[in-house]
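Asks: starting from these lines, generate the structure:
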Amino acid sequence: MISETVKKLGSIFALLLAFVAVGAISFRYTEGWDWLQCFYEAVIIMTTVGLSATAQSELNSSTKLFIILYLLVGVGFFTYCVSQLGQLLVNLQVRGYWERRAMDHAIRTLKDHYIVCGFGRMGKTVCQYLNSRHKPFIVIDSEAERVESVCRENGWLYLIGDATDDEILLTAGILEAKALTTVLPTDADNVYVVLSARLLSEKVQIVARATDEKAVDKLERAGATRVVSPFSSGAMKIARFMLNPSVEDFFEVTDDHGSQLELADVQISASSPCVGKRLMDTDLREKGVMVVGIRRANGERLMPPPGTAIIEPGDCLFAFGSSQAVNEMINMNANSD
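Replies: Got it, this is the predicted structure:
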């Protein structure tokens, strides 16, 4: 939308400049005025102000005839450009209003979605990952310039405001959200967001970033489900790559559909078609999903699970496969609720 508006504005001003240039060049060759005087006279004629007193006393017959034609055409041309500019600005305001209303409606209908607090480099990366996995999410950030252009271009939902404000979190659907991540610049803000989110919702999963190792304990006490320290996590990942250099290559392998391999936890509901079946009797493997672990509702873990394991309501299945296959399994279980 913004790019189209810029193009239209550019076209209008280019037409105005071209029309002024035609008048200036004509005055230059018919009267021999300097370029500044030529452009000045062309502009005031086009805007129906008329010629300056000095110019009027020096005109020859051919210039007068040109001015008559230039004025007649210029009045209509200038009126057209001004009307187009006004219409463009009005349409921009109306379009912005309806877009905001449509976004507000989409936000109100969100369920089992993800909330990303902070739209810096890490927040943007999180959004790109969620978008690549076709997960519903909403961005919260206080800097409109940083958020609006990117989110509008990608069709992402967003709110401009302070993520530490309870009203903003409620507007973002914290009560219906599946998970929230806070990646604000300071640990103090992240602690405040975690505390606010946890007080508003006991069930939401909260993942917080800690820039200082000392903040990890505070974030966990505030209610974070998991705290990620980029420095320690990055160091551990580097060490794993040193010990097992082929692991990352394995996880970056793509299937025939171009979807990356993914490991996800799938909650089994009472109405899931898998309930009551032995793991070996399900069609998950045929669909491209491998169950590498089961966590029972009572906390028991089967790692790896035997093929004779009975799938029960409340189980959490750790499913490994292509993103498409894993998402189909998640959706199948969700649709059976």
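Asks: strands paired with the helix or strand hosting Ile206, and their directions?
Replies: In this structure, Ile206 sits in strand 205-209 according to DSSP states H and E. Partner strands for strand 205-209, per DSSP bridges, with pairing direction: strand 179-182 (parallel), strand 226-228 (parallel).
Asks: next secondary structure element downstream of that strand?
Replies: Using DSSP H and E, the first helix or strand after strand 205-209 is helix 215-222.
Asks: picking up where we left off before, chain center to the strand holding Ile206: distance?
Replies: 19 Å (CA atoms, centre = their mean, to the nearest Å).
Asks: circling back to that earlier point, point out the most buried one among the strands paired with strand 205-209.
Replies: Mean neighbour count (mean count of other CB atoms under 10 Å) peaks for strand 179-182 among the strands paired with strand 205-209, with a mean of 25. (Glycine included, C-beta is placed from N, CA and C.)
Asks: tell me where the stretch 1-150 of the chain has strands.
Replies: 114-117, 137-141 (DSSP state E, counting those that start in this stretch).
Asks: most tightly surrounded among the ones you listed?
Replies: Buried most deeply of the strands of the stretch 1-150 of the chain, by mean count of other CB under 10 Å, is strand 114-117, with a mean of 26.
Asks: that one - contacts with which helices or strands?
Replies: helix 121-132, strand 137-141, strand 179-182 (3 or more CB pairs under 8 Å, 6 or more residues apart in numbering; DSSP states H and E).
Asks: one step back: distance to Trp35 and mean pLDDT added to the strands of the stretch 1-150 of the chain, as TSV?
Replies: Below are these laid out as TSV (distance: least, CB to CB, whole Å; pLDDT from 0 to 100):
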stretch	distance to Trp35	mean pLDDT
strand 114-117	55	96
strand 137-141	48	94
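Asks: for Leu72, find the nearest of the ones you listed.
Replies: strand 137-141 (52.9 Å; CB to CB).
Asks: so that closest one versus helix 121-132, what angle?
Replies: Using axes from the mean of the first three to the mean of the last three CA atoms, to 10 degrees, the inter-axis angle of strand 137-141 relative to helix 121-132 is 160 degrees.
Asks: so what are the sheet partners of strand 137-141 and their directions?
Replies: For strand 137-141, pairing defined by DSSP bridges yields strand 114-117 (parallel), strand 157-160 (parallel).
Asks: and the strands paired with strand 205-209, which one's lowest on average pLDDT?
Replies: Across these, strand 226-228 has the smallest mean pLDDT, namely a mean of 90.
Asks: after that one comes which helix or strand?
Replies: helix 230-243.
Asks: what's the neighbour count on Pro313?
Replies: 14 (other CB atoms under 10 Å).
Asks: ok, now which ones touch it?
Replies: Contacts for Pro313 were tallied using CB atoms under 8 Å, 6 or more residues apart in numbering; they are 268-270, 272, 275, 297.
Asks: okay, and the helix or strand of the chain with the least pLDDT?
Replies: helix 53-56 (a mean of 54; mean pLDDT, DSSP states H and E).
Asks: how about the spatially most central residue of the chain: what's its closest non-neighbour residue?
Replies: For the chain, Cys151 is the residue whose C-alpha lies nearest the centre (CA atoms, centre = their mean; 3.0 Å). Leaving aside its chain neighbours, Cys151 sits nearest to Tyr158 (4.3 Å; criterion: CB to CB, 6 or more residues apart in numbering).
Asks: before we move on, what about Thr181?
Replies: Using CB to CB, 6+ apart, the nearest residue to Thr181 is Val207, at 4.4 Å.
Asks: please name the residues that touch the one you found.
Replies: Residues counted as contacts of Val207 (CB under 8 Å, 6+ apart) are 179-182, 224-228.
Asks: quick one on the thing from earlier: filter the contacts of Pro313 down to the buried ones and hand me the PyMOL line.
Replies: To isolate the buried members of the contacts of Pro313 in PyMOL, using 16 or more other CB atoms under 10 Å:
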select buried, resi 268+269+272+275
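Asks: which two in the contacts of Pro313 are spaced the farthest apart?
Replies: Checking those with CB to CB, the most distant pair is Ser272 and Ala297, at 13.3 Å.
Asks: below-threshold pLDDT in this protein: ranges please.
Replies: Applying pLDDT under 70 to the chain flags residues 1-6, 47-59, 90-99, 245-260, 333-337.
Asks: longest helix in it, please.
Replies: In the chain, assigned by DSSP state H, the helix with the most residues is helix 61-108.
Asks: quick revisit: what's across from the residue nearest to Thr181 in the sheet?
Replies: For Val207, the beta-bridge partners are Thr181, Arg226 (DSSP bridges).
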